[in-house]
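In: This is the structure alone, sequence omitted:
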C-alpha cells in the first residue's frame, strides 16, 4: 500500500493492497510472527503500542500493518478520512526505516476494524495496548474485544512502559524482553503456546520460565515431557507451584520479574473460558506487564 491515500471528493475508504501470503507459526518458518497488526487512534498510549510493535517487528524481521478507524464525514480537508490518513502519515514519519503498511477504514467500532484487518491481511499477531482491560484503565474496552475475537494471537502490550524495545532513538525505548513466563498444563493446546513462546524467546534472545500450576509430581512429569518434546534448549527453566492457576501465574511472573507472560487462547471465546482455570481472561485483565495470548485453536 505504501502511503495512505486521501481521495478528494467524496473520500472513499482506503483499502489495503493485496499482501503476499506469509507462513503462519509452524509452517516451515522459525519466526513465530511475520506480519503484525496494530491499531492507532493518535493517542499517546496508541503511540507506545505502535512503537513496541515496530520494535518487535525489527527484532523478528516482520512486517507491520498499522490500522486506524474513522467515522463518516461531510467532505473537505477535515473529514474523518483525511484525519485518519494524517495519523498514518505521522506513524510513517516517526518510523521511517520500518516496513509499514497502513490501512484507514470507516467503522464505528475500532475493535471490529482491527480484527477485520488482521483477518484480511493474514496477520500472525495483533498488538493492542492494555488500557481498557481493567477498571482503572478506560479505552472503550477495545483491547478486551480484540483479545476475544482476533483471528490470530494477540499481544496485550503494557503501554505504561515499553516492554518491547523499539529503536534506540524512540522515546518509548526503555526495556527489552529478557525473560518470558510460559504457562502450560500439558494439553495439546497449551503446548502450542509453549512452542510459540519458546520460538519467540529464541528470536529475542530471552530466557523462559516454563510454569505448571498444580500438584508437584504431576507437574514435574508434564514439564519433563514438554522439555523432552521441545529438545535441549538453554535458558528454559521449569517451575512447578501449587495454588489457583490464574492468580499463581501473575504471582510467579512478578516474583521472577519476567517481561512478558505467554498463555494459550483456549477459553477466551463465548462461554468456554476454561483454559487453565480461566488463565487467559484473568491474566489479560489483571497483569501489570505485557501478555501474549497465543491462538491455539
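Out: Yes, it's here. Computed from a prediction, not measured in an experiment: that's the story for all the values here. Numbers count the residues shown, from 1 in each chain.
In: chain center to the helix or strand containing residue 56, what's the gap?
Out: Element membership for residue 56 (DSSP states H and E) is helix 44-60. Its chain's C-alpha centre lies 10 Å from the corresponding centre of helix 44-60 when counted by CA atoms, centre = their mean, to the nearest Å.
In: Quick check: which helices or strands does that helix pack against?
Out: Taking 3 or more CB pairs under 8 Å, 6 or more residues apart in numbering; DSSP states H and E as the contact definition, the neighbouring helices and strands of helix 44-60 are strand 35-39, strand 63-70, helix 80-94, strand 125-129, strand 153-157, helix 188-204. The way it works is simple: take the backbone N, C-alpha and C, and place the C-beta from them, glycine included.
In: 7 Å - rerun?
Out: If you count contacts as 3 or more CB pairs under 7 Å, 6 or more residues apart in numbering; DSSP states H and E, helix 44-60 packs onto strand 35-39, strand 63-70, strand 125-129, helix 188-204.
In: Give the rounded mean pLDDT of the second one.
Out: For strand 63-70, mean pLDDT rounds to 95.
In: and among the helices and strands packed on helix 44-60, the most buried is which?
Out: strand 125-129 (a mean of 29; mean count of other CB atoms under 10 Å).
In: in its sheet, what does it sit against?
Out: Strands adjacent to strand 125-129 in the sheet, as given by DSSP bridges, are strand 35-39 (parallel), strand 153-157 (parallel).
In: got the contact list for it?
Out: Contacts to strand 125-129, defined as CB atoms under 7 Å, 6 or more residues apart in numbering, come from residues 33, 36-39, 45-46, 48-49, 52-53, 114, 118, 142-143, 146, 150, 152-157, 159.
In: Mean confidence (pLDDT) on that strand, please.
Out: Strand 125-129 shows a mean pLDDT of 93.
In: Show the subsequent helix or strand relative to that strand.
Out: Tracing the chain C-terminally past strand 125-129 and defining elements by DSSP H and E, one meets helix 142-149 next.
In: Dump the strands paired with strand 125-129 to a markdown table, plus distance to residue 213.
Out: Conversion of these to a markdown table gives the following (distance: least, CB to CB, whole Å):
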| stretch | distance to residue 213 |
| --- | --- |
| strand 35-39 | 29 |
| strand 153-157 | 20 |
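In: Out of the ones you listed, flag the one nearest residue 255.
Out: For these, proximity to residue 255 was assessed by CB to CB; strand 153-157 is nearest, at 20.6 Å.
In: Retrieve the pLDDT associated with residue 80.
Out: What the model reports as pLDDT for residue 80 is 87.
In: The residue nearest to it when sequence neighbours are not counted: what's it in contact with?
Out: Counting by CB to CB, 6 or more residues apart in numbering, residue 80 lies nearest to residue 70, which is 3.7 Å off, once chain neighbours are set aside. Counting by CB under 7 Å, 6+ apart, residue 70 touches 80-81, 83-84, 104, 106.
In: repeat for residue 197
Out: When contacts are counted by CB under 7 Å, 6+ apart, residue 197 is found next to 180, 182, 208, 262.
In: okay if I get the residues you listed as CSV plus distance to residue 221, neighbour count and pLDDT?
Out: Formatted as CSV, the entries for the contacts of residue 197 read as follows, by distance: CB to CB, whole Å; neighbours: other CB atoms under 10 Å; pLDDT from 0 to 100:
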residue, distance to residue 221, neighbour count, pLDDT
180, 22, 26, 96
182, 17, 27, 97
208, 19, 24, 97
262, 21, 29, 96
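In: How far does the helix or strand encompassing residue 221 sit from its chain's centre?
Out: Mapping residue 221 onto the secondary structure by DSSP H and E places it in helix 216-230. Distance of helix 216-230 from its chain centroid, counting by CA atoms, centre = their mean, is 27 Å.
In: which is the next helix or strand following that helix?
Out: In the C-terminal direction, the helix or strand that comes right after helix 216-230 (DSSP H and E) is strand 236-241.
In: Enumerate the positions of that next one that are buried.
Out: For strand 236-241, the buried set under the neighbour-count rule, 16 or more other CB atoms under 10 Å, comprises 236, 238-241.
In: just stretch 250-257 next, same as before
Out: Judged by neighbour count using 16+ other CB under 10 Å, the buried positions of stretch 250-257 are 250, 252-253, 256.
In: Tell me, how many residues neighbour residue 217?
Out: Counted with other CB atoms under 10 Å, the neighbours of residue 217 add up to 9.
In: From residue 230, how far off is it?
Out: As judged by CB to CB, to the nearest Å, residue 217 and residue 230 stand 21 Å apart.
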